[in-house]
Structures are given as C-alpha cells and as structure tokens.
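# Predicted model and sequence follow; I will ask about them next.
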Amino acid sequence: MISNTLSNPLSIGLQGVQEGMAGMENAARKIARGGADGPQGTAEGAGSLIEPMIDLKIYERSVEASAQVVKTADETLGTLLDIMA
C-alpha cells in the first residue's frame, strides 16, 4: 500500500525530469542553430536566440522542481521504511 502511494509521485517526478531534459535539448539545438543561421552582431541575430534561451531556463527550472519531487518521495519512502523496521 505504501509503495503504491509513493510510486505515483516518484513516477511523475521522473517523467518531469525526462520531459524537462528533452525540452532543454531542443532549446539548446535552437540556440545552436540560431547562432549559426542568424546574422551575428545584429539585433535580428540576437533576437532569434531570446526565445530559446528563455525556454532553456524554463526547462532547467522544471527539471530542478521535478528532481525535488523525486528526492522528497525518496526521503519519504526511506522514513516510512525506517518507521516500519
């Protein structure tokens, strides 16, 4: 019963980490392409990088939050196992 209760937050946290990492990879690709495709040293070239850079930061925060969910679920499971032992 306890295992089922904690497996859902744990799986949600892990899924969030995976999705966040995929988003970060996609944003990093866009940044790399934008740096090569856009005219360097111009406002137009820099403007094409703003959105993927913001996305990268958002995904980074998402991964951090999801990792915290995983950590908390792990700590809670550890505490419950200690209490039951």
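That came through fine.
# Now do the most centrally placed residue in the chain against Ala32, distance only.
Centroid-nearest residue in the chain: Val63, 2.2 Å away (criterion: C-alpha atoms, centre = their mean). Note on Val63: its distance to Ala32, by C-beta to C-beta, to the nearest Å, is 19 Å. C-beta: built from backbone N, CA, C; applies to glycine.
# Output the contacting helices and strands for the longest helix along the chain.
Across the chain, the longest stretch assigned as helix under DSSP state H is helix 43-84. Contact analysis of helix 43-84 by 3 or more C-beta pairs under 8 Å, 6 or more residues apart in numbering; DSSP states H and E lists helix 2-37 as its packing neighbours.
# The helix it packs on: which residues count as buried?
The neighbour-count check on helix 2-37 (16 or more other C-beta atoms under 10 Å) flags 9-10, 13, 16-17, 20, 23-24, 27, 30-31, 34 as buried.
# Kindly report the same for stretch 58-75.
Buried, per 16+ other C-beta under 10 Å, within stretch 58-75: 59, 62-63, 66, 69-70, 73.
# now the longest helix of the chain against helix 2-37, angle please.
Per axes from the mean of the first three to the mean of the last three C-alpha atoms, to 10 degrees, the angle that helix 43-84 makes with helix 2-37 is 160 degrees.
# For helix 43-84, give the mean pLDDT please.
For helix 43-84, mean pLDDT is 90.
# That one: how far from the chain's middle?
4 Å (C-alpha atoms, centre = their mean, to the nearest Å).
# From here on, call the first residue 31.
Let's use 31 as the start, then, which means that last one is helix 73-114.
# and Met54, what does it touch?
Neighbour list for Met54: 86, 89-90, 93 [criterion: C-beta atoms under 8 Å, 6 or more residues apart in numbering].
# Please apply the same query to Ile61.
79, 82-83, 86.
# For ChimeraX, write a command that selects the buried ones of these.
Selection of buried members from the contacts of Ile61 for ChimeraX, criterion 16+ other C-beta under 10 Å:
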select :79,82,86
